[in-house]
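1. A structural model of the following input is requested.
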Amino acid sequence: LAPYTTAGGFWQFNDLSIVPTVSQKTYAATFKSTNKNYTDLVTVITVNVDPKAVLLTADDKSIAYGTKAPVFTITASGLTGEDTLADIGGSCTPVCTYAPGSPIGTYTINLNNALSDDNYTFTTRPGTLTVAPAKLNVTASAENKVYDGSTAVKVTFSIVSGKYGNDDVSLSATQVTGNA
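-> Now for the predicted structure:
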């Protein structure tokens, strides 16, 4: 093991396949003397390794009213090295009460966490699904008329797309302006 000093300096494993973990606490270590008047020392080293905290966050999402729920995703902050959630035992699943046709507004995306790994402790943070009003596409037409000094114009319109299921949607023209 190197570097090592008798004054209590730092040491590290030369074999990079040996990484101190929470479950592996003791290691056999050989210290080689640079002075030929002393023998090498073989000893057991105890390393106390505490689990690392990992924050699991449900990612915020936005959709329009009436659309299906998006694919919910998770961001993990604090994993070490090349570790991924796929490397860890168990699962973490985002859940939300939204279903197509649920009213506009916000819905909490919770995380059902069943991850288990001796090297990590997991905390969760919920996300938010925001459901915005859907956009209706409407066609409108007006009957031609002969100038008569009145403002009355017969207008007809219909919803072309954007309506969800059997929702009852009625439209009324609130203002018509010229030269649009």
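2. return the residues in contact with residue 124.
-> 55, 56, 57, 58, 92, 110, 111, 113 (CB atoms under 8 Å, 6 or more residues apart in numbering). To be clear about C-beta, it is placed using only N, CA and C from the backbone, and glycine gets the same treatment.
3. again, 7 Å this time
-> Shown in contact with residue 124 (CB atoms under 7 Å, 6 or more residues apart in numbering): 56, 111, 113.
4. one more: residue 140?
-> By CB under 7 Å, 6+ apart, the neighbours of residue 140 are 155, 157.
5. so what's residue 29 closest to, chain neighbours aside?
-> Sequence neighbours aside, residue 45 is the residue nearest to residue 29 in space, at 4.8 Å (criterion: CB to CB, 6 or more residues apart in numbering).
6. just the pLDDT for that neighbour.
-> On pLDDT, residue 45 comes in at 75.
7. relative to residue 51, how far out is it?
-> Distance of residue 45 to residue 51, given as CB to CB, to the nearest Å: 20 Å.
8. which residues of the chain score low on pLDDT?
-> For the chain, the stretches with pLDDT under 70 are 1-20, 24-25, 173-180.
9. what ranges do the helices span in it?
-> Under the criterion DSSP state H, the chain carries no helices.
10. report all helices and strands that the longest strand anywhere in the chain contacts.
-> Ranked by residue count, the top strand of the chain under DSSP state E comes out as strand 105-113. Other elements packing on strand 105-113 under the criterion 3 or more CB pairs under 7 Å, 6 or more residues apart in numbering; DSSP states H and E are strand 52-58, strand 92-96, strand 120-125, strand 127-132.
11. for residue 106, find the nearest of those strands.
-> Among those, strand 127-132 comes nearest to residue 106, with 5.2 Å by CB to CB.
12. got the CA coordinates for the closest one in PDB?
-> Extracted C-alpha coordinates of strand 127-132, given in PDB (Å, rounded to 0.1, in the frame of the first residue of the first chain):
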ATOM      1  CA  GLY A 127     -42.400  16.100  -8.700                       C
ATOM      2  CA  THR A 128     -45.300  17.900 -10.200                       C
ATOM      3  CA  LEU A 129     -47.500  17.100 -13.300                       C
ATOM      4  CA  THR A 130     -49.100  20.300 -14.600                       C
ATOM      5  CA  VAL A 131     -52.200  19.800 -16.800                       C
ATOM      6  CA  ALA A 132     -52.900  22.800 -18.900                       C
END
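13. which strands and helices sit next to it?
-> For strand 127-132, the contact count by 3+ CB pairs under 7 Å, 6+ apart identifies strand 61-64, strand 105-113 as packing neighbours.
14. so what sits opposite the closest residue to residue 111 other than its chain neighbours in the bridge?
-> Spatial nearest neighbour of residue 111, chain neighbours left out: residue 124 (4.2 Å); criterion: CB to CB, 6+ apart. Counting by DSSP bridges, residue 124 is bridged to residue 56.
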